[in-house]
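Got a predicted structure here, sequence first:
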Number of protein chains: 2
Amino acid sequence: MSNVYAVIMAGGAGTRFWPASRARVPKQFLPLGADASESLLAATVRRLEPLIPPERVFIATGAALREATSRVAPRVPSAQILAEPVPRNTAPCVGWATATLLRQDPDAVVAVLPSDHFIRDEPEFLRVVEKALGVARDGYLCTIGIVPTRPDTGYGYIEVGEVLSPGSFMVSRFVEKPERARADEFVRGGKHLWNAGMFFFEARTMARAIETHLPDLFRGLEEIDAAARRGEEESTLAAVFPTLPSISIDHGVMEKASAVAVVPGDFGWNDVGSWESAWELSTKDEARNGLPQDAVAIDASGNFVCDRTTTSGKRVYALVGVSDLILVETDDAVLLIPRDRAQDVRAVVERLKLRGDAGRL
Amino acid sequence: MSNVYAVIMAGGAGTRFWPASRARVPKQFLPLGADASESLLAATVRRLEPLIPPERVFIATGAALREATSRVAPRVPSAQILAEPVPRNTAPCVGWATATLLRQDPDAVVAVLPSDHFIRDEPEFLRVVEKALGVARDGYLCTIGIVPTRPDTGYGYIEVGEVLSPGSFMVSRFVEKPERARADEFVRGGKHLWNAGMFFFEARTMARAIETHLPDLFRGLEEIDAAARRGEEESTLAAVFPTLPSISIDHGVMEKASAVAVVPGDFGWNDVGSWESAWELSTKDEARNGLPQDAVAIDASGNFVCDRTTTSGKRVYALVGVSDLILVETDDAVLLIPRDRAQDVRAVVERLKLRGDAGRL
């Protein structure tokens, strides 16, 4: 399958993991999975390797993160780090990567994957990806839908339609993040999957779909592609990319196209959406505390401590009589917040912005 | 009043302020009062100065803390740091200091004071001390009793007897730490004061009282005194001090002697008994959080953060949605505990002892 390529989307900003994440150290650079020494991005590249080796991996990121991304994924050729001049959502990103691949390989089959998710069962993940790539080769825009484990209102859902082949289905429709009651129905009904932002397609199929559903984007991409063929991509990209329509590939293409398929996946997926998820993924003691080595926990349960200081490993954390708290430490900032309010770390980031504390953002 | 001397008792171990306090950095060395730059011991020396200058202050401490004590109280002559070879409770300590003073000044009047308490109203404190010293000059063993503000079961109480002079009373009796119901009665009744461990006496009166009530201690002190007169105090002290009866001056002398007086004091006293007290004394925001400069508090109330790291002042603490917690940070340890469990820090210290983690004790 030497014409299979991966495009890893690594443009995230990631204020949700402050103070560990910063503008220059977004979530995908952090080791938030089960292995505290491997960043989410590095894990994403590594787990693909049996199917798609680093030589055929492209990483889309922001211009400011280009070098750092290369350092985190050293085996991905640096020419394959696609640096967007400005963030314009996922449709321009996928479109640009598609055009780039088509120039190299008119038969390219592409897997578009997020850079900042966790997957527990990697062999099963690869089986599902292989299945989705097969569906893509049949001319479909294919996605993976995660079998839901709870009525989460934080994800979009994919309604499964008629069977396409064993293990793949037509998509009836994409559903925006639902209210709780509707999410309950979805999980009970068994016909809805979580949209995890993974897309599989032949490059030529996606190009045609963009031409049909996002003609403005298509024209912009043609301009960039023409410049690239002349060896002048950089200046044209800087001029044209900011003018491309800022829209997601879901809204812009997947929801509008007709030949859209889905492969259900059940491989221990976690989108690592907040410190709460990091706690879920951490190694925990019998009282469900996810703590650094040597910690002392007395009457303490369900807590998570993340030590990202330069003295990490040298400090003893002693927790007494506290439950369900998150404590994150860096050299210049400390966060203390209940697990069930983990999303509210954004309020801290807003406060620091107002204060003009750029050094800590 | 050039024959008035202070003996500051600074032998405390102070596991209650772990991880800020350590065997080598006990509570009296920490700036736990309202002024975060002045240790409790330094404040004790400073506030006495209008009545008793440092040249007439003696500090009793453990041998291992002698040099550190000198550094914290540099204006106290180093020969006046009385280093006990081993801790033997307060009666041997007071007795040794008394004998030492009697050699220098047969008319010495002595104020014995703890090194690790906080006093808000210093002028009023000095007025009360002056009163107590006057009572001592009349031949009484005098103590200061703190006017109680709540039915605390953590203190001993002093029952006030007949009036001795305006503002001073005979002591009816000393009462051990009471049960809650009895403490309630004490506070309602208005005849009980807190025993704050402050004693005032002529050195010769105390020597006689020790001779009467603790004859074993008296004989040991005579031996040390005789050696000191020969210029051989050190070796005799090392041999004899460990054999002295380990008993408090309260139990050993004050409760047994007859001419015992008390001067009530109401000067914002706080024994700084735990991190809870440190929070009480700290400068707090409108939500009763005692936090370092620049902290961010969102829906957070009643919390206390003590940053004793070497990078103190450079870290932003962000607290969201948490209440009544204590967070203490040092370079090698972090403590997180609810305010109302502050006493349980001892359990952490015990755990580290079992583990053999001497470096953090």
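Thanks, I have the structure now. Numbering: from 1, shown residues only, chains lettered A, B, ... in the order given.

residue closest to the middle of chain A?
Residue closest to the mean C-alpha point of chain A, counted by Cα atoms, centre = their mean, is A:P114 at 2.7 Å.

And it, how far from A:V57?
14 Å (Cβ to Cβ, to the nearest Å). (C-beta placed from N, C-alpha, C; glycine too.)

Over to A:C93?
From A:C93 to A:V57 the distance is 15 Å (Cβ to Cβ).

now swap in A:T69 and tell me
Look at A:T69 and A:V57: by Cβ to Cβ, they are 11 Å apart.

ok, the two, which is more surrounded?
Using other Cβ atoms under 10 Å in any protein chain shown, the more surrounded residue of A:T69 and A:V57 is A:T69, with 26 against 23.

Just confirm the more buried one contacts A:L41, I think it does.
Yes. Using Cβ atoms under 8 Å, A:T69 is in contact with A:L41, at 7.2 Å.

residues contacting the residue nearest to the residue nearest to the centre of chain A when sequence neighbours are not counted?
Spatial nearest neighbour of A:P114, excluding adjacent residues (Cβ to Cβ, 6 or more residues apart in numbering or on different chains): A:G197 at 4.9 Å. Residues counted as contacts of A:G197 (Cβ atoms under 8 Å, 6 or more residues apart in numbering or on different chains) are A:M9, A:T90, A:V112, A:L113, A:P114, A:D250.

what kind of secondary structure is A:G197 in?
strand (DSSP: H, G, I helix; E, B strand; the rest coil).

Which neighbours do A:P114 and A:V57 have in common?
With Cβ under 8 Å, 6+ apart as the test, A:P114 and A:V57 both reach A:I8.

For chain B, give me its nearest residue in the stretch 101-250 of chain A.
The stretch 101-250 of chain A approaches chain B most closely through A:G154 (19.0 Å), counting by Cβ to the nearest Cβ.

and the helix or strand containing A:A183, how far out from the chain's middle?
Remark: A:A183 resides in helix A:180-189, with elements defined by DSSP states H and E. Averaging C-alpha positions (Cα atoms, centre = their mean, to the nearest Å) puts helix A:180-189 24 Å from its chain's average.

what's it packed up against?
Judged by 3 or more Cβ pairs under 8 Å, 6 or more residues apart in numbering or on different chains; DSSP states H and E, helix A:180-189 has no packing partners among the helices and strands.

quick one: contacts for the residue nearest to the centre of chain A?
A:I8, A:M9, A:T44, A:A196, A:G197, A:M198, A:D271.

In those, which residue is surrounded by the most others?
Going by other Cβ under 10 Å, A:I8 tops the contacts of A:P114 with 28 neighbours.

For whichever helix or strand that one is part of, name the packing helices and strands.
Assigned by DSSP H and E, A:I8 belongs to strand A:4-9. The contact analysis (3+ Cβ pairs under 8 Å, 6+ apart) places strand A:4-9 against helix A:40-48, strand A:57-62, helix A:90-104, strand A:109-114.

okay, now the closest residue to A:D105 other than its chain neighbours: neighbour count?
Spatial nearest neighbour of A:D105, chain neighbours left out: A:N3 (5.6 Å); criterion: Cβ to Cβ, 6+ apart. By other Cβ under 10 Å, 16 other residues sit near A:N3.
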